[in-house]
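> what's the 3D shape of this:
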Amino acid sequence: MNIQIQDVSPTRKSLTVSFDANEVAAEYKSVIGEVSRQARIPGFRPGKAPASMILKQYGKAVSDEFKQKVVGKAYRDGIKESKLDVLQVTNVQEGDIAPDKFASIVITVDIRPAFSLPALDGIAVTVTSVEPTEAEVEAGLNALRSERADFKVVERPAAKGDYVKLSYEGSVDGQPILALVPDKQIYGKVPQTWEEVEGENEGLIPGLGKQLAGLAAGGKKDISVTFPAGFTGAPALAEKTAIYSVEVLEIRERALPELNEEFFKANQVDDLAGLQAKVRNNLTARKDHENLGGKRRQVIEKLLAQVEFPVPESLIEQETQAVLRQFIQENQRRGVPVEQFEKDKEQLIAGARQSAIGRVKTQLILARIAEQEKLAVEASDIDAFLYRQSLQTGVKPEKLVKDLTNDRDRLRSVQQSIVFDKALDLVVSKAVVTEVASAPAA
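You can find the predicted model right below:
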């Protein structure tokens, strides 16, 4: 056997593995022997039939197995002798593989890039105080009250926080929006809908709710709305200015429930102090969770900034496709048409690729940390994963175990994810944490 290695790129190598005729002949003879031992030829015991008879009856099976065996040997021996840390095979050129002939197989592989880890101790990160302010507690109480709010009809002009029942019909440059987006009637003409006046969350039609204050029931108004660039609800309206003829049908005022015994009981507390404590605890838990996520993000950003190495192209391509699939699936659930993806195809691919490079680089760094720190997946880690999945999906743990056992690729992916999390958590645990003041509520 002879091996030649050629550099294709810093992370891609081409191995040419050559066998002389005798080595190829030995593999061919070995395959015939294996097939002979399994074959059932009348008049012969297994393994005793002549090679000519085996070839006559099982010639194609012998030929296919022979070629696979030579290529497999080329890969195994080539990787062993070259001592390359292979991440993925990107191409195999078998050439002419025939009995009693010289064979040369070219295998192209992407390898793990070489790099040194920075110091893992003392990475500086910042967090915000988890102690809720009185204003945040008050906002939390009002949010709980809003969940049980009543809406009463009022005979006055609409004000911030009210809900307005209205009808509207829109046009762009005098042309009805219904003609521009006939499959999206809700953006063109609606006989009756509700809109919050100056609400924090943007309504269906951006900016419409912010221009309803002061209108009374029966009032009419032409409202100008400019749809933002990249508007996904109805892409044909993106960056266009529309005029909506609005008529107010009814105004309802949000009436928050009293902080009384009935309300306390509904929230499983005894009094106002108990409710405030509950809100405070929930806010603290949420802030603590946000801080943990923030520390993890900061650690990753600083590791990426300190380590530079070429990223294997095959991994980038795989991750780019994964990012695109996730993006498209999420947007399809929101009703974005397929035509929009085709229109923005080049931009989407470029963005997905950039994201993929960062993800792959992060994974390679975390894998190196796990190797250096000798981190491994324990049975308890898999149990914890299955428990979380069962809670999230409602699927029984026994079913999840069975599915995972039958899907080796999925199992490997879960194990890899667990190891990456362990590596990241380890570095986060060694970080130097500085607490900064929370940004004031808007």
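> give the buried residues for whichever strand or helix holds Ile357.
Per DSSP states H and E, Ile357 falls inside helix 345-372. Across helix 345-372, burial judged by 16 or more other C-beta atoms under 10 Å covers 348, 352-353, 355-357, 359-370. (C-beta placed from N, C-alpha, C; glycine too.)
> how many neighbours does Thr90 have?
By other C-beta atoms under 10 Å, 17 other residues sit near Thr90.
> and it, what element?
Using DSSP H and E, the element containing Thr90 is strand 86-93.
> now the angle from that strand to helix 345-372?
Taking axes from the mean of the first three to the mean of the last three C-alpha atoms, to 10 degrees, one finds strand 86-93 and helix 345-372 inclined to each other by 130 degrees.
> contact partners of strand 86-93?
For strand 86-93, the external contacting residues (C-beta atoms under 8 Å, 6 or more residues apart in numbering) are 12, 71, 75, 79, 105-112, 312-315.
> now with 7 Å, please.
12, 71, 79, 105-112, 312, 314-315 (C-beta atoms under 7 Å, 6 or more residues apart in numbering).
> who wins on neighbours among those residues?
Val109 (26 neighbours).
> dump the helix or strand hosting it to CSV, keeping only the CA atoms.
Assigned by DSSP H and E, Val109 belongs to strand 103-111. This file holds the C-alpha atoms of strand 103-111, laid out as CSV (Å, rounded to 0.1, in the frame of the first residue of the first chain):
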residue,chain,number,x,y,z
ALA,A,103,-6.0,0.1,-7.7
SER,A,104,-5.8,3.7,-6.7
ILE,A,105,-8.6,5.4,-4.6
VAL,A,106,-8.7,9.1,-4.0
ILE,A,107,-10.4,10.1,-0.7
THR,A,108,-11.0,13.8,0.1
VAL,A,109,-11.6,14.6,3.7
ASP,A,110,-12.1,17.6,5.9
ILE,A,111,-10.0,17.5,9.1
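> for the helix or strand just after that strand, buried residues please.
Using DSSP H and E, the helix or strand that directly follows strand 103-111 along the chain is strand 124-128. By neighbour count with 16+ other C-beta under 10 Å, strand 124-128 contains the buried residues 125, 127.
> any idea how far Ala367 is from Ala350?
26 Å (C-beta to C-beta, to the nearest Å).
> same check, this time on Gln268
Counting by C-beta to C-beta, the gap from Gln268 to Ala367 is 45 Å.
> now swap in Gln354 and tell me
21 Å.
> same question for Val106.
Counting by C-beta to C-beta - Val106 and Ala367 are separated by 28 Å.
> partners of the strand holding Thr90 in the sheet?
strand 103-111 (antiparallel) (DSSP bridges).
> pLDDT score assigned to Leu120?
Per-residue pLDDT puts Leu120 at 95.
> return the residues in contact with it.
369, 427, 430.
> wait, the second one touches Val299, no?
Yes. Val427 is in contact with Val299 according to C-beta atoms under 7 Å; the separation is 5.2 Å.
> so what sits against both of those two?
Common neighbours of Val427 and Val299 (C-beta under 7 Å, 6+ apart) are Ile123.
> quick revisit: give the rounded mean pLDDT of the strand holding Val109.
pLDDT averaged over strand 103-111 gives 95.
> identify all contacting residues around it.
Under C-beta under 7 Å, 6+ apart, the answer for strand 103-111 is 8, 11-19, 24, 70-71, 74-75, 78, 84-95, 97, 312-315.
> which of the residues you listed are buried?
By 16+ other C-beta under 10 Å, the contacts of strand 103-111 give 11-19, 24, 70-71, 74-75, 78, 84, 86-88, 90, 97, 312-315 as buried.
> now intersect those with the helices, please.
24, 70-71, 74-75, 78, 313-315 (DSSP state H).
> distance check, Val307 against Ile316.
16 Å.
> compare these two (neighbour count), which wins?
Neighbours were tallied for Val307 and for Ile316 using other C-beta under 10 Å; the higher tally belongs to Ile316 (20 against 17).
> show me what contacts the more buried one?
Applying C-beta under 7 Å, 6+ apart, we find Ile316 in contact with 353, 356-357, 360.
> identify the residues contacting stretch 397-411?
With C-beta under 7 Å, 6+ apart, stretch 397-411 has contacts from 386-387, 389-390, 414.
> just the buried ones from these?
The buried subset of these (16+ other C-beta under 10 Å) comprises 386, 389-390, 414.
> list the residues that contact Phe66.
27-28, 31.
> end-to-end on stretch 149-164?
End-to-end span of stretch 149-164 (C-alpha to C-alpha, to the nearest Å): 15 Å.
> please apply the same query to stretch 217-231.
Using C-alpha to C-alpha, the end-to-end distance of stretch 217-231 comes to 31 Å.
> buried stuff in it?
Buried-residue list, stretch 217-231, by 16+ other C-beta under 10 Å: 217, 219, 223, 225, 227, 231.
> can you tell me which of those residues is nearest Gly161?
Top of the list for closeness to Gly161, among the buried residues of stretch 217-231 and by C-beta to C-beta, is Ala217 at 16.7 Å.
> helix or strand for the closest one, which one?
Per DSSP H and E, there is no helix or strand for Ala217.
> okay, the residue lying closest to Val279 once chain neighbours are set aside: pLDDT?
Spatial nearest neighbour of Val279, excluding adjacent residues (C-beta to C-beta, 6 or more residues apart in numbering): Gly140 at 3.9 Å. The per-residue pLDDT reported for Gly140 equals 94.
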